[in-house]
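S.K.: Coordinates for the following, if possible.
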Amino acid sequence: MKETLDRTHAKEITLAKERCFLAGVVTPDRLIPGEDPLDEISRLLTTAGGEEAGRLTQRLDRPLSSTYFGTGKLLELAEMAQAAGAETVVVDSDLSPRQLSAIENACSRKVIDRNEVILDIFQANARSHQAKLQIELAQLQYELPRLARKWTHLERLGGGIGTRGPGESQIESDRRNLRGKITLLRQNLDQIESRKVREVKSRGDIFAACLVGYTNAGKSSLLNHLTHADTLVEDRLFATLDTLTRRFDCGEGLEILLSDTVGFIRRLPHHLVASFHATLEETARSDLLLVVVDAADPLALVQAESVDFTLKKIGLENLPRLYLLNKIDRLEKPGALAALTEQLKPAIAVSAVTGAGMDQLLAYLRDQVAQGLRRVRLRFPAGDGRRYALLNQWASVGDTRYDGNEVVVSARINPVDLERLKRLPGQMTVEKAV
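M.R.: Numbering: from 1, shown residues only. Coordinates of the predicted model:
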């Protein structure tokens, strides 16, 4: 594993083309029937560009606080990693500095944990200024309690009360630098978040839906299909990190805002969730969550539960939601879809590739939007072309007739847009439509 340490920045990790041996402790709460417990970390490793050299698990009630693995299993891990020619050992857990050092000493190899792999992927995929700041903040927060490991090679020179070695002095200096940079990053992200809040509020009361879900479930593909956006779509985890919002017509003149957000995984590091608070602001202000589930994945239900857990962790468990059972074009067992539909409600089966289920989805969205619209009859001068054009843009226009020099239009319109029409120059009367 290559790494550089700038004493005012978090370390940079790269797993590209490295042979990595995977290891983990499987506790009772992590046992999932039909799944190898290291499959997800293997997918994460592949996304990071690493090569799997082998894997090893140990079943324990809980990991050991000092060494993570049992003594015998730790020796077995060292032997297997050496035999496999692995350069790095990747542990599928968040390791304490003490555990990390114990495994490194036993294996005589670089050891990184699950969080470092995810940070590596996020760092590689960050594109916008905001995403880069968020990743840097998460790296620094991860690195701060682990600084002591950086300077163990420095001997403690001198002794007695009041004397400190260069290692201890350097750790304190690094901690001050990192804390200062963390404070600055948080201030910058707070400014970005405030700006995003203003942007969201400026959109008025237009109906907003947000695509959320397990990473690689097909959120970006659905956004592209519905809005013709040019979002990056790749068959790998965390291909996109930035929130993308598009306005589109879901039929009958009803417009909504549709956003795509960063994907979730099981045991998403808490410092990453905290760092991406500004990105998730779009989700928090949505009227409807579209929870995208890969229906073709044997662990679709487990992934949906992971998304639900993450939404609860960030305080969004009470937002209305619709499950989109995506990738039905890849289903091999039709019965699996029926089982998912029974477990996840309300749900619509769709395919971003073939377009199956999209008509049903659009009808559902129209119904949701319409619930917040007012049915009105508007009367204004027939020559008021601007008002008529904006009415067609903002509302679902129904019956239109002319009464002398006036036009009478029946429409369904958002209360905010109705107020905007009222403020335009010229006369307009509003009646409640029957």
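S.K.: Any regions of the stretch 51-200 of the chain where pLDDT drops low?
M.R.: Applying pLDDT under 70 to the stretch 51-200 of the chain flags residues 148-168, 196-200.
S.K.: Please enumerate the strands of it.
M.R.: Secondary structure of the stretch 51-200 of the chain (DSSP state E, counting those that start in this stretch): strands at 51-59, 88-91, 110-113.
S.K.: Checking my notes, Val430 in a helix, right?
M.R.: No - under the criterion used here (DSSP: H, G, I helix; E, B strand; the rest coil), Val430 is strand, not part of a helix.
S.K.: Verify the stated contact: it with Phe380.
M.R.: No - under the criterion of CB atoms under 8 Å, Val430 makes no contact with Phe380, lying 9.6 Å away. Quick note: C-beta positions are derived from backbone N, CA and C, even for glycine.
S.K.: Tell me which of these two has more neighbours.
M.R.: Phe380 (20 against 15; other CB atoms under 10 Å).
S.K.: Could you point out the bridge partners of that one in the sheet?
M.R.: Beta-bridge pairing for Phe380 (DSSP bridges): Val407.
S.K.: Can you verify my assumption that Arg247 contacts Leu254?
M.R.: No - using CB under 8 Å, Arg247 is not in contact with Leu254; the gap is 11.4 Å.
S.K.: Of the two, which one has the most company?
M.R.: Leu254 (22 against 12).
S.K.: quick one, what contacts that one?
M.R.: 207, 365-366, 369-370, 373, 396, 412 (CB atoms under 8 Å, 6 or more residues apart in numbering).
S.K.: List the ones among those that fall in helices.
M.R.: Residues of the contacts of Leu254 located in helices (DSSP state H): 365-366, 369-370.
S.K.: of those, buried ones?
M.R.: 365-366, 369 (16 or more other CB atoms under 10 Å).
S.K.: looking at the strands of the stretch 51-200 of the chain, which is buried most?
M.R.: For the strands of the stretch 51-200 of the chain, the largest average neighbour count (mean count of other CB atoms under 10 Å) is found in strand 88-91, namely a mean of 26.
S.K.: So in that sheet, which strands flank it, and in what orientation?
M.R.: If you go by DSSP bridges, strand 88-91 pairs up with strand 19-26 (parallel), strand 110-113 (parallel).
S.K.: mind giving me TSV with those strands and columns for distance to Leu301?
M.R.: Shown next, in TSV, are the strands paired with strand 88-91 (distance: least, CB to CB, whole Å):
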stretch	distance to Leu301
strand 19-26	20
strand 110-113	27
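S.K.: so can I have TSV of the strands of the stretch 51-200 of the chain showing distance to Glu193?
M.R.: As requested, those are arranged in TSV below (distance: least, CB to CB, whole Å):
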stretch	distance to Glu193
strand 51-59	38
strand 88-91	33
strand 110-113	29
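S.K.: Can you tell me which of those strands is nearest to Tyr142?
M.R.: Counting by CB to CB, Tyr142 lies closest to strand 110-113 out of those; the figure is 9.4 Å.
S.K.: Could you give the secondary structure assignment for Phe248?
M.R.: Classification of Phe248 by three-state DSSP places it in strand.
S.K.: List the contacts of it.
M.R.: Applying CB under 8 Å, 6+ apart to Phe248 gives the contacts 226-228, 255-256, 258.
S.K.: which of those residues are buried?
M.R.: 226-227, 255-256, 258.
S.K.: Check the secondary structure at the residue nearest in space to the middle of the chain for me.
M.R.: By CA atoms, centre = their mean, the chain has its centre lying nearest to Val262, at 2.6 Å. What three-state DSSP gives for Val262 is coil.
S.K.: Packing partners of the longest helix along the chain?
M.R.: Longest helix of the chain, by residue count under DSSP H: helix 166-202. On a contact count with 3 or more CB pairs under 8 Å, 6 or more residues apart in numbering; DSSP states H and E, helix 166-202 meets helix 129-143, helix 281-284.
S.K.: Tell me how far it lies from the chain's centre.
M.R.: With CA atoms, centre = their mean, to the nearest Å as the basis, helix 166-202 stands 21 Å off its chain's centre.
S.K.: Please name every helix or strand in contact with the next helix or strand after it.
M.R.: Scanning forward in sequence from helix 166-202 by DSSP states H and E, the next helix or strand is strand 208-213. Secondary-structure packing of strand 208-213 (3+ CB pairs under 8 Å, 6+ apart): helix 219-227, strand 255-260, helix 281-284, strand 288-294, helix 300-313.
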